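Colleague: Fold the following for me, if possible:
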Amino acid sequence: MKLVKKLKETDLDSQFEALLRGLAARAPFLKLESLTRNARLGQSGQHRADWLARVRAGSRRYALVAESKRLGQPREVRAAVLQLELCLADLPKPRYGLLLAPFISEESARICAEAGIGYADLAGNARLSFDQVFIETRSAGNPFYEKRESHSLFAPRATRVVRTLLQGPLRPWKVTALAESARVSLGWVSAVRQQLLAREWAREETDGLRITKPDAVLDAWARVDDWSKRTQTREYSVLENDPVRLAEQLQNALKTDPPVFTQWLAGWLRRPYTNPVVVTAYVKTFPSNSDIEKALLARQVDSGGALRLVMPKDDGALYPSQTVRGFPLVSDVQIYLDLLRAGLRGDEQASELRNSPDFSGGWK
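Modeller: Numbering: from 1, shown residues only. Purely as a prediction, here's the structure:
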């Protein structure tokens with residue numbers, strides 16, 4: 001689904017109102033008596049609720065206090081929960097708090113549930129639990145912001161920062177040092193930092209920013225990664241059947257632009273599991289076909305070649321690198337991403353690599 005349009009504040013207000021009315025209609029014994037926008041609460045009127053719904057559940061009347069957010073990320077949700085707790089304190093029982101957002105992730109839903117707060121979003125996710133009322137639904141995917149935000153967090157320049165942060169042992173990074181290591185501007189570091197903190201995938205420590213949920217970051221990256229959009233690939237048929245020997249020949253042939261290996265051979269070198277049937281290497285520029293033919297007795301083909309040369313659209317994919325048995329490889333994170341949807345049992349080799357205790361320098 002590619003619905004990524006920006007919702008205007010007025011659009012959200014009308015949709016949240018419809019959402020609240022629709023929730024009430026889903027429980028036959030729940031009756032909505034009134035719905036007020038921007039309502040003052042309590043005798044002092046010190047706090048305001050985005051929405052105040054007066055409902056009847058069976059023989060009891062409830063005040064439903066709803067706080068609405070444009071984003072349902074964990075950090076936003078925690079702030080909303082605190083605001084709801086303040087609002088609920090100004091109302092006599094029985095009352096119930098409810099969070100509204102375009103989309104509420106599973107992590108945000110867990111935060112609400114632990115706080116005893118209900119939630120509902122425009123994607124179809126909801127949980128209300130009070131009196132005789134219990135509604136819980138979970139839909140697949142986020143039709144609003146997830147793709148746009150993920151693409152921003154995992155844009156080519158941004159991934160330079162993410163790769164650096166994911167290289168273990170995980171440690172805190174000062175902004176300037178992170179920008180220098182990732183070879184990006186301070187603005188890119190700031191943008192990535194904000195998104196990681198908002199999702200609670202990282203925390204700010206005295207010594208800088210540290211990734212705290214590397215698996216969540218890598219899983220989100222893998223969901224939006226698209227090999228075909230970030231690379232150009234040339235395939236070659238070769239006479240050499242031994243992948244290690246072929247890799248050695250390639251290194252000798254490309255001494256002025258050394259290849260950096262990835263996919264099957266790189267995964268096998270790091271954590272042997274499946275036999276590498278294709279040798280894949282990143283290069284900054286493609287060599288001429290005549291040079292490849294002469295050095296490797298290779299011929300360019302449309303598909304099915306045992307040798308793949310890959311030119312990345314952003315050379316951040318090549319850093320950080322590592323050397324195993326004399327072969328330069330991309331980082332474990334990049335090997336994993338490159339293998340995951342490559343076929344030829346690449347997903348199995350990717351899983352084996354990721355499950356190794358020293359994956360990406362060790363995350364534990």
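Colleague: which regions of the chain sit below the pLDDT cut-off?
Modeller: The chain contains residues with pLDDT under 70 at 1-10, 43-45, 140-151.
Colleague: Could you pull out the helices in it for me?
Modeller: For the chain, the helices defined by DSSP state H occupy 9-26, 74-89, 106-115, 146-153, 156-166, 175-182, 186-198, 214-224, 227-230, 243-253, 263-270, 289-296, 332-340, 346-354.
Colleague: Compare these and give me the one nearest residue 136.
Modeller: helix 106-115 (9.4 Å; C-beta to C-beta). For every residue, glycine as well, the C-beta is placed using N, CA and C.
Colleague: Between helix 214-224 and the closest one, find me the angle.
Modeller: 140 degrees (axes from the mean of the first three to the mean of the last three C-alpha atoms, to 10 degrees).
Colleague: Can I get helix 106-115 in CSV, CA atoms only?
Modeller: Backbone C-alpha positions of helix 106-115 (Å, rounded to 0.1, in the frame of the first residue of the first chain) are rendered in CSV as follows:
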residue,chain,number,x,y,z
GLU,A,106,2.5,-2.6,18.4
GLU,A,107,5.1,-1.0,20.7
SER,A,108,2.9,2.1,21.2
ALA,A,109,-0.1,-0.2,21.8
ARG,A,110,1.9,-2.0,24.5
ILE,A,111,2.7,1.3,26.2
CYS,A,112,-1.0,2.2,26.3
ALA,A,113,-2.1,-1.2,27.6
GLU,A,114,0.5,-1.1,30.4
ALA,A,115,-0.8,2.3,31.5
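Colleague: tell me what that helix is packed against?
Modeller: helix 74-89, strand 118-121, strand 126-130 (3 or more C-beta pairs under 8 Å, 6 or more residues apart in numbering; DSSP states H and E).
Colleague: which residues touch the nearest residue to residue 19 once chain neighbours are set aside?
Modeller: Once flanking residues are discounted, residue 19 sits nearest to residue 120: 5.6 Å by C-beta to C-beta, 6 or more residues apart in numbering. Residue 120 sits next to 19, 20, 23, 98, 99, 100, 104, 126, 127, 128 when contact means C-beta atoms under 8 Å, 6 or more residues apart in numbering.
Colleague: And for residue 210?
Modeller: Going by C-beta under 8 Å, 6+ apart, residue 210 touches 165, 170, 171, 172, 173, 202, 203.
Colleague: Check residue 99 too.
Modeller: Per C-beta under 8 Å, 6+ apart, neighbours of residue 99: 66-69, 72, 77, 80-81, 84, 112, 117-120.
Colleague: ok, now how distant is it from residue 105?
Modeller: Taking C-beta to C-beta, to the nearest Å as the measure, residue 99 falls 12 Å from residue 105.
Colleague: Next: residue 17.
Modeller: 23 Å.
Colleague: likewise residue 129?
Modeller: According to C-beta to C-beta, residue 129 and residue 105 sit 19 Å apart.
Colleague: Neighbour count: the two, which is higher?
Modeller: The neighbour count for residue 129 versus residue 105, taken as other C-beta atoms under 10 Å, is higher for residue 105 (18 against 13).
Colleague: Spatially, which residue comes closest to the more buried one, not counting chain neighbours?
Modeller: residue 72 (6.4 Å).
Colleague: Any idea how many residues pack against the closest residue to residue 74 other than its chain neighbours?
Modeller: What sits nearest to residue 74 in space, not counting adjacent residues and going by C-beta to C-beta, 6+ apart, is residue 200, at 4.2 Å. Residues contacting residue 200 under the criterion other C-beta under 10 Å number 18.
Colleague: Distance check, the residue of the chain positioned farthest from its centre against residue 132.
Modeller: Centroid-distance maximum for the chain: residue 59 at 45.3 Å, with C-alpha atoms, centre = their mean. Distance, residue 59 to residue 132, by C-beta to C-beta: 10 Å.
Colleague: What of residue 139?
Modeller: 24 Å.
Colleague: what's the answer for residue 14, then?
Modeller: Counting by C-beta to C-beta, the gap from residue 14 to residue 132 is 29 Å.
Colleague: cool, residue 226 as well?
Modeller: Distance of residue 226 to residue 132, given as C-beta to C-beta: 47 Å.
Colleague: ok so, going back, out of the contacts of residue 210, which are buried?
Modeller: Using 16 or more other C-beta atoms under 10 Å as the burial test, the contacts of residue 210 include 165, 170, 172, 173, 202 as buried.
Colleague: ok, so of these, who is nearest residue 52?
Modeller: Residue 52 lies nearest to residue 202 out of these, by C-beta to C-beta, at 35.9 Å.
Colleague: Enumerate every residue touching that closest one.
Modeller: Neighbours of residue 202 in contact, by C-beta under 8 Å, 6+ apart: 165, 193, 196, 209, 210, 211, 212, 213.
Colleague: Closest one of the residues you listed to residue 328?
Modeller: Nearest to residue 328 out of those is residue 165 (C-beta to C-beta; 21.7 Å).
Colleague: So which of the helices of the chain is nearest residue 316?
Modeller: helix 156-166 (3.8 Å).
Colleague: Just the CA atoms of the closest one, as PDB, please.
Modeller: Extracted C-alpha coordinates of helix 156-166, given in PDB (Å, rounded to 0.1, in the frame of the first residue of the first chain):
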ATOM      1  CA  PRO A 156      20.900   6.400   1.300                       C
ATOM      2  CA  ARG A 157      22.600   9.200   3.300                       C
ATOM      3  CA  ALA A 158      20.700   8.300   6.500                       C
ATOM      4  CA  THR A 159      21.700   4.600   6.300                       C
ATOM      5  CA  ARG A 160      25.300   5.700   6.500                       C
ATOM      6  CA  VAL A 161      24.500   6.900  10.000                       C
ATOM      7  CA  VAL A 162      22.500   3.700  10.800                       C
ATOM      8  CA  ARG A 163      25.300   1.400   9.600                       C
ATOM      9  CA  THR A 164      27.800   3.200  11.900                       C
ATOM     10  CA  LEU A 165      25.500   3.000  14.900                       C
ATOM     11  CA  LEU A 166      24.800  -0.700  14.300                       C
END
